[in-house]
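> Provided below are the primary sequence and the corresponding predicted coordinates.
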Amino acid sequence: MKEAGDSGERTRYTRPHAPQNATDLMINSLSVNGYRGFARFEMNDLACVNLLVGTNNGGKTSVLEALYLLAASGDPASLWRIVNRRGERIENEGNPRTGPELEMDITHLFHGHEPRPGSHFQFETKNGLPHRSITYTLKEPTTDDVPVLPPSERGEPPAGRLILSVTGQPRPLVPALGLTRSGGLRSDALDAARRPRRAAASAIRPAQFISTESLTPDELAIMWNEIVLTESEDRVLAALRFIDKNIERVAAVVARQPYFYFGPASRGGFKVKLRNAAQPIPIGSLGDGIWRMLAMAIALIKAKGGILLVDEIDTGLHYTVLADMWRLIFATAREFDIQVFATTHSFDCVHSLASICESDGTHSHVTIQRIELKDSVAVPYTERQIMLAAERQIEVR
């Protein structure tokens with residue numbers, strides 16, 4: 001439904017009816033064992049939109065990572081991204097010809113930070129379809145495992161070496177990942193897994209993970225080019241107008257090295273056309289909120305039929321646009337069969353979610369999950385409880 005006024009046209013999304021098969025795709029519960037700060041953890045009574053709350057260093061981001069790795073069905077690239085985002089890296093001297101070699105340090109994925117042969121972490125969900133599970137286990141390699149070792153180290157004796165075995169349901173894309181003698185994961189391990197990963201790509205459920213730093217310009221540009229000039233482009237523009245009603249168009253910009261460089265924390269690669277402005281301006285000139293909303297709107301569309309994971313969802317957003325953000329998320333999630341998991345520390349974010357529950361009359365579509373490392377089970381709050389907590393200013397974070 002569109003409303004037009006003197007201040008410019010603005011789109012308000014109304015929520016369509018849920019598809020008949022939406023509940024079949026829904027994750028109803030998640031169990032995490034031996035992962036990062038969790039020895040054991042469960043999260044139940046999940047809904048279409050799930051907001052994870054709790055104290056700092058309470059494990060909220062770890063839960064998002066668990067869902068991301070589970071959806072990826074053992075794709076080694078997902079493991080690489082998770083570790084790289086945390087800055088968990090090992091730099092070795094390498095050799096004089098190639099220089100230092102970057103490795104991802106996987107030791108911190110295991111509960112206690114000191115893994116040994118037999119150490120493992122496991123994720124499992126329950127839903128309307130056959131449940132999904134995946135287990136990563138450190139093992140000593142046998143002669144059959146030599147092909148998964150880094151190419152430069154395959155001629156060395158396997159004694160003292162470890163591999164990361166991957167098992168689960170559905171069958172993981174790769175059965176094992178070779179580790180270096182320092183216990184790191186190198187990029188050539190991803191190359192070795194490329195062929196089987198292509199053959200079993202259908203096992204991967206679409207999943208988009210937006211970290212606190214958002215997505216990189218390259219990631220956003222690739223996704224934007226797949227939706228530009230489609231109806232989905234209008235949905236993205238409507239989301240940006242929640243923050244600035246004068247935005248007319250958005251375009252991706254091709255980078256030309258070495259004149260400028262888009263680092264992982266930069267906000268480049270896009271220009272915006274504003275109403276009554278003669279020239280487009282860089283999107284970074286409009287502030288953090290525009291970049292955050294752009295990433296969220298694009299990722300929502302690309303998560304069709306899967307899950308959207310957003311760490312600290314309100315980052316960069318003023319409290320006055322949070323209700324519009326939730327309406328966008330609700331409408332898109334219901335229309336595209338997306339299950340949303342997000343974290344926050346903000347009472348404004350919780351309160352705005354409660355206001356949407358009350359105004360839209362939703363039923364069983366939203367939960368808040370309170371997560372603490374000291375507790376093995378998350379505490380769920382239903383829509384009604386969320387509304388009452390907001391009305392009475394009860395702290396649920």
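Perfect, I can see it now. Residues are numbered from 1 along each chain as shown.

> Nearest residue to Arg40 in space, please, no chain neighbours.
Nearest residue to Arg40, sequence neighbours excluded (Cβ to Cβ, 6 or more residues apart in numbering): Ser376, at 5.0 Å. For glycine as for every other residue, the C-beta is placed from the backbone atoms N, C-alpha and C.

> Quick check, the one you found in contact with Phe41.
Yes. With contact defined as Cβ atoms under 8 Å, Ser376 reaches Phe41; the gap is 5.8 Å.

> I'd like to know how far Ile371 sits from Phe123.
Using Cβ to Cβ, to the nearest Å, we find Ile371 at a distance of 15 Å from Phe123.

> Of these two, which one has the most company?
Phe123 (25 against 22; other Cβ atoms under 10 Å).

> the helices in this protein, which residues?
22-25, 60-71, 76-85, 187-192, 194-199, 217-227, 231-241, 288-302, 322-336, 347-360, 383-391 (DSSP state H).

> Need those helices in TSV (columns: mean neighbour count).
TSV is the format used below for those (neighbours: other Cβ atoms under 10 Å):
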stretch	mean neighbour count
helix 22-25	14
helix 60-71	24
helix 76-85	19
helix 187-192	18
helix 194-199	12
helix 217-227	17
helix 231-241	18
helix 288-302	23
helix 322-336	22
helix 347-360	20
helix 383-391	17
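
> Mean pLDDT lowest where, among those helices?
Lowest mean pLDDT within the helices of the chain: helix 194-199, a mean of 48.

> that older thread, for the helices of the chain, which one sits closest to Gly316?
Set against Gly316 and scored by Cβ to Cβ, the helices of the chain come closest in helix 288-302, at 3.3 Å.

> what's the closest one packed up against?
Here helix 288-302 touches strand 207-210, helix 217-227, helix 231-241, strand 307-310, helix 322-336, going by 3 or more Cβ pairs under 8 Å, 6 or more residues apart in numbering; DSSP states H and E.

> Distance to Gly316 for these - can I get that in TSV?
Shown next, in TSV, are the helices and strands packed on helix 288-302 (distance: least, Cβ to Cβ, whole Å):
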stretch	distance to Gly316
strand 207-210	11
helix 217-227	15
helix 231-241	13
strand 307-310	12
helix 322-336	11
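
> Pro101 contacts Asn92, doesn't it?
One thing to correct before we go on: residue 101 is Glu, not Pro. Yes. Glu101 lies in contact with Asn92 (Cβ under 8 Å); the separation is 4.9 Å.

> neighbour count winner among the two?
Glu101 (19 against 14).

> For the residue nearest to Tyr35 when sequence neighbours are not counted, list the residues it contacts.
Nearest non-adjacent residue to Tyr35, counting by Cβ to Cβ, 6+ apart: Phe121, 4.0 Å away. Taking Cβ atoms under 8 Å, 6 or more residues apart in numbering, we find Phe121 in contact with Val32, Asn33, Gly34, Tyr35, Arg36, Leu109, Phe110, His111, Thr135, Tyr136.

> what about burial for these, which qualify?
Val32, Asn33, Gly34, Tyr35, Arg36, Leu109, Phe110, His111, Thr135, Tyr136 (16 or more other Cβ atoms under 10 Å).

> Closest to Leu388 out of these?
For these, the nearest to Leu388 is Val32 (29.0 Å; Cβ to Cβ).

> nearest residue to that closest one other than its sequence neighbours?
Val32 sits nearest to Phe41 (Cβ to Cβ, 6+ apart), 4.3 Å away.

> can you check Arg181 too?
Arg181's closest residue in space is Arg161 (Cβ to Cβ, 6+ apart), at 6.5 Å.

> residue ranges with poor pLDDT in the stretch 101-250 of the chain?
Counting by pLDDT under 70, the stretch 101-250 of the chain contains low-confidence residues at 127-130, 143-160, 191-203.

> Just give the number of residues close to Thr142.
Close neighbours of Thr142, defined as other Cβ under 10 Å, add up to 9.

> what about it, distance to Leu173?
The gap separating Thr142 from Leu173 is 21 Å, by Cβ to Cβ.

> So of the contacts of Phe121, which two are at opposite extremes in space?
Once Cβ to Cβ is applied, those give Arg36 and Thr135 as the farthest pair, at 15.2 Å.

> Go ahead and confirm Ile210 touches Val310.
Yes. Between Ile210 and Val310 there is a contact under Cβ under 8 Å: 4.6 Å.

> any shared contact partners between these two?
Residues touching both Ile210 and Val310 (Cβ under 8 Å, 6+ apart) are Met296, Ala299.

> Which one of these two is surrounded by more residues?
Val310 (27 against 24).

> Any idea what the more buried one is bridged to?
Ile210, Ala342 (DSSP bridges).

> Read off the pLDDT value for it.
What the model reports as pLDDT for Val310 is 97.

> show me the residues around it that make contact.
Going by Cβ under 8 Å, 6+ apart, Val310 touches Leu64, Ile210, Met296, Ala299, Val340, Phe341, Ala342, Thr343.

> ok, what's across the strand from Arg40?
Here Arg40, judged by DSSP bridges, has bridge partners Asn33.

> Check the one 10 residues further on too.
Asn50 forms beta bridges with Phe341, Thr367, as assigned by DSSP bridges.

> give the contact list for it.
Neighbouring residues of Asn50 by Cβ under 8 Å, 6+ apart: Gln339, Val340, Phe341, Ala342, Val366, Thr367, Ile368, Gln369.

> before we move on, what about Asn225?
Applying Cβ under 8 Å, 6+ apart, the residues near Asn225 are Ala252.

> try Glu140
The contact partners of Glu140, by Cβ under 8 Å, 6+ apart, come to Pro117, Pro158, Arg161, Leu162, Ile163.

> was I right about the first one contacting Leu164?
I take that to be Pro117. No. Using Cβ under 8 Å, Pro117 is not in contact with Leu164; the gap is 11.3 Å.
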